[in-house]
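Novice: next come a sequence and a model predicted from it.
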Amino acid sequence: MQAVRWHGPGDVRLEEVELELPLGPGMIEAEVLHTGICGSDVSEFRAPFAIRPGRPHPLSGQQPPLTLGHEFSAVITAVGEGVDDVKPGDRVAADACWRCNRCEACVSGEYNLCLLGGSIGLSSDGAFAPLVRFPAYCAVPLPEGVSDEAGALLEPLAVGMHALDRGGARAGEELVVLGYGPIGACTALVARAIGLDPLVGELHPGRRARAEAEGFAIFEPVGEPLEVAREVRGLTGIGAHLVVDCTGSVAAMEGALEMTRRAGRIVIAGIPKKPIPVDGGRMVVYERSLIGILGYQNDLPRVAAMIASGSLEPEGMITRRAPLADTPAEIARLAEDPGDDVKVLIDVAS
Ligand SMILES: [Zn+2]
Ligand SMILES: [Zn+2]
């Protein structure tokens, strides 16, 4: 079959492969419907961060070249020994976390922090391919009322849900979401579904227009971080209860730290590539909290239920669709300049 493989920085190819992972005990095989391109696929194209060249992953046993793709919907075609909670024909999405199920993090339910953890599509072959194999514990059945397309959005939406959970978001609070890329859009959409009315900051005019078209209040975070923060405090009355940064930008984070009211919370959902300057004294005096998040913990079924009930309609964030063969070019284009794209969805089954 044809699959989209990561060979190294700047080197993602469509090539003929065979399924490498065995369909052993606890594993499933599924036919892929749709797969989203994630910001991490794009950043791995630039430079490896999650992918470990030359080191077999301790749980999957795989190492590059690897098939990318961890945000997907699929139909199960076969199950390995001992798998009885899902069966062939089931429509599923995947909680992409490989986990050992034995370490302290796994035992306490924080499997996203597993000492040996990894991700489908970064630590094992993923879903930019017609067929994918992964652990059955990753499978999340799609309820009726969740389209195949929305199914491929569950994984990034779960990241937004986890960011809001860790930030202690409560209905009616003032929330600021920085960045309207895929994770910013997911965070804003989930926030609205749970009763918040986010204010979205985005520098790119095209993406800002997308956020506005989705019905969100917007602002342009241009200027010195402290000036931007002052503007946001004005827009939110006395400052936000919660700020979720989805940009990974140091300047955005510097502003974010000063956007909250007293006892405000700041969640880091983007990955800053450089240290962030933090004024500890001001954190103390304002009793602010700074919170990191990684992935999600059992959030996919919650998000699926929200979509099935109609409280969350995520399809509007899909701004472009393309066939599997175009995936390498799409990843390279997004790495160069995403333009006003939010989520690019690859139609794998055709
Ligand atoms: Zn992702
Ligand atoms: Zn573990």
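Specialist: It's in. Ligands and ions are numbered 1, 2, ... in the order given.

Novice: the most centrally placed residue in the chain is in what secondary structure piece?
Specialist: Nearest residue to the geometric centre of the chain (C-alpha atoms, centre = their mean): Pro156, 3.1 Å. Element membership for Pro156, per DSSP states H and E: helix 154-166.

Novice: export that helix as PDB, just CAs?
Specialist: Extracted in PDB, the C-alpha atoms of helix 154-166 (Å, rounded to 0.1, in the frame of the first residue of the first chain):
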ATOM      1  CA  LEU A 154     -11.600  14.200  18.000                       C
ATOM      2  CA  GLU A 155      -7.900  13.900  18.800                       C
ATOM      3  CA  PRO A 156      -7.100  17.600  18.500                       C
ATOM      4  CA  LEU A 157     -10.400  18.600  20.100                       C
ATOM      5  CA  ALA A 158      -9.400  16.400  23.000                       C
ATOM      6  CA  VAL A 159      -6.300  18.500  23.400                       C
ATOM      7  CA  GLY A 160      -8.500  21.600  23.600                       C
ATOM      8  CA  MET A 161     -10.700  19.900  26.200                       C
ATOM      9  CA  HIS A 162      -7.700  18.800  28.300                       C
ATOM     10  CA  ALA A 163      -6.300  22.400  28.200                       C
ATOM     11  CA  LEU A 164      -9.600  23.800  29.500                       C
ATOM     12  CA  ASP A 165      -9.900  21.100  32.100                       C
ATOM     13  CA  ARG A 166      -6.300  21.700  33.400                       C
END
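
Novice: Leu226: how many residues sit nearby?
Specialist: Applying other C-beta atoms under 10 Å, we find 12 residues neighbouring Leu226. C-beta here means a position set from N, CA and C on the backbone, and glycine is covered the same way.

Novice: OK, contacts around Tyr111?
Specialist: Counting by C-beta atoms under 8 Å, 6 or more residues apart in numbering, Tyr111 touches 97, 99, 101, 105, 117, 297.

Novice: what is the end-to-end distance of stretch 208-226?
Specialist: For stretch 208-226, the first-to-last residue distance is 21 Å (C-alpha to C-alpha, to the nearest Å).

Novice: any of the contacts of Tyr111 buried? List them.
Specialist: 97, 99, 105, 117, 297 (16 or more other C-beta atoms under 10 Å).

Novice: sort out for me which of these are in strands.
Specialist: Cys97 (DSSP state E).

Novice: so which pair among the buried ones among the contacts of Tyr111 is furthest apart in space?
Specialist: Gly117 and Gln297 (11.8 Å; C-beta to C-beta).

Novice: elements contacting the helix or strand harbouring Ala211?
Specialist: For Ala211, the host element (DSSP H and E) is helix 205-213. When contacts are defined as 3 or more C-beta pairs under 8 Å, 6 or more residues apart in numbering; DSSP states H and E, helix 205-213 packs onto helix 182-193, strand 217-219.

Novice: reformat these as CSV; add distance to Arg5, mean pLDDT and mean neighbour count.
Specialist: Shown next, in CSV, are those (distance: least, C-beta to C-beta, whole Å; pLDDT from 0 to 100; neighbours: other C-beta atoms under 10 Å):
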stretch, distance to Arg5, mean pLDDT, mean neighbour count
helix 182-193, 22, 98, 27
strand 217-219, 38, 98, 16
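
Novice: nearest to ligand 2, of those?
Specialist: Nearest of the helices and strands packed on helix 205-213 to ligand 2, taken as C-beta to the ion: helix 182-193 at 24.2 Å.

Novice: contacts (any at all) between ligand 1 and the closest one?
Specialist: No: remark: helix 182-193 sits outside contact range of ligand 1, by C-beta under 5 Å from the ion, the gap being at least 7.7 Å.

Novice: what is the orientation angle of that helix with helix 154-166?
Specialist: Comparing the axes of helix 182-193 and helix 154-166 via axes from the mean of the first three to the mean of the last three C-alpha atoms, to 10 degrees yields an angle of 60 degrees.

Novice: and the helix or strand just after helix 182-193, what's its mean pLDDT?
Specialist: Next helix or strand after helix 182-193 toward the C-terminus (DSSP H and E): strand 199-201. Here strand 199-201 scores 98 as its mean pLDDT.

Novice: also stretch 86-96?
Specialist: 98.

Novice: tell me which parts of the stretch 51-200 of the chain are close to ligand 2?
Specialist: Residues of the stretch 51-200 of the chain lying close to ligand 2 (C-beta under 5 Å from the ion) are 99-100, 103, 106, 114.

Novice: out of those residues, grab the one that's most surrounded.
Specialist: The most neighbours of any of these, using other C-beta under 10 Å, belong to Arg99, which has 22 neighbours.

Novice: how near is Ile318 to ligand 2?
Specialist: The gap separating Ile318 from ligand 2 is 33 Å, by C-beta to the ion, to the nearest Å.

Novice: count the neighbours of Ala335 for me.
Specialist: 17.

Novice: contacts for the helix or strand where it lies?
Specialist: Per DSSP H and E: Ala335 is located in helix 327-336. Contacts of helix 327-336 with the rest of the structure, by C-beta under 8 Å, 6+ apart, involve 4, 10, 12-14, 37, 41-42, 45-46, 68, 128, 320, 322, 341, 344, 346.
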